[in-house]
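Engineer: My questions are about this predicted structure, shown below with the sequence.
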Amino acid sequence: MTLEEFKHRYNLMILPDDTGPVISHRLRQAAVLVAFIEQKQELHLILTRRASHLRAHPGQISFPGGKVEKSDKNLEATALREAHEEIALAISNVEVLGQYPMFNTFTGFAIAPIIGVVKEGFNPILDPGEVDELFTVPLSFLLDPANRVVKHFMRRGIQYPVYFIQYQEYFIWGATAAMIDRICRQISYNG
């Protein structure tokens, strides 16, 4: 899928209606940058492996992002600031396409997925306090439904979907995999 086709499909296709689990307690606000980059004439999704020394979600695969800070103008600003801090992706080097509805997590966050495209290649510099590794996954791999698995689990008497994606040695699951599944279903939608 070309960058132009991706943008066209993102703007015109119906968004799947799912926002994660229903959580009754107050959630902390966060934002992530769901960033695509063109490599060798193919779109790839940028992902990171969280630092292994972190207390929360060590070593897990995630999008660049984090908690909203008081100085952030809005959720888009949060995602762009965090991507700059974590992987040195310049704010001016991202074309923001839009924002998905908030995605709730069992870990107490309401996450705003900010969808964007990296305008030009960049030299990632990882913040070792937050990120152990940056890698990309071809969008063509993610679009194949056989590569995205959903299992259902019971939690406090309610059944919830949990998403899983295995790409090479990377095991992507939970909210990150759910957001990837959602965008893949949207841009693959044939109505």
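Structural biologist: Nice, I can see it. Just so we're clear, the structure is a prediction, and the values are computed from it rather than from any experiment. Numbers count the residues shown, from 1 in each chain.
Engineer: Give me the packing partners of the stretch of helix or strand Ile46 belongs to, helices and strands only.
Structural biologist: According to DSSP states H and E, Ile46 maps onto strand 42-50. Applying 3 or more CB pairs under 8 Å, 6 or more residues apart in numbering; DSSP states H and E, one finds that strand 42-50 contacts strand 28-39, strand 61-62, helix 75-87, strand 131-138, helix 139-143, strand 170-173. Placement of C-beta: from N, CA and C, glycine included.
Engineer: That one pairs with which strands, and in what direction?
Structural biologist: Note on strand 42-50: by DSSP bridges, its sheet partners are strand 28-39 (antiparallel), strand 61-62 (antiparallel), strand 131-138 (antiparallel).
Engineer: closest one to Ile183 among the helices and strands packed on strand 42-50?
Structural biologist: Nearest of these to Ile183, taken as CB to CB: strand 28-39 at 6.6 Å.
Engineer: mind listing what's buried in the closest one?
Structural biologist: The neighbour-count check on strand 28-39 (16 or more other CB atoms under 10 Å) flags Ala30, Ala31, Val32, Leu33, Val34, Ala35, Phe36, Ile37, Glu38 as buried.
Engineer: same deal with stretch 118-137?
Structural biologist: Val118, Pro124, Leu126, Glu130, Val131, Leu134, Phe135, Thr136, Val137.
Engineer: again, but for stretch 6-14
Structural biologist: Quick answer for stretch 6-14 (16+ other CB under 10 Å): Phe6, Lys7, Tyr10, Met13.
Engineer: Kindly indicate which of those residues lies nearest Pro113.
Structural biologist: Set against Pro113, the nearest of those by CB to CB is Tyr10 (12.1 Å).
Engineer: Make sure that closest one is actually in contact with Gly98.
Structural biologist: Yes. Counting by CB atoms under 8 Å, Tyr10 touches Gly98, with 7.3 Å between them.
Engineer: which residues do these two both contact?
Structural biologist: Listed contacts common to Tyr10 and Gly98 are Ile115; contacts here mean CB atoms under 8 Å, 6 or more residues apart in numbering.
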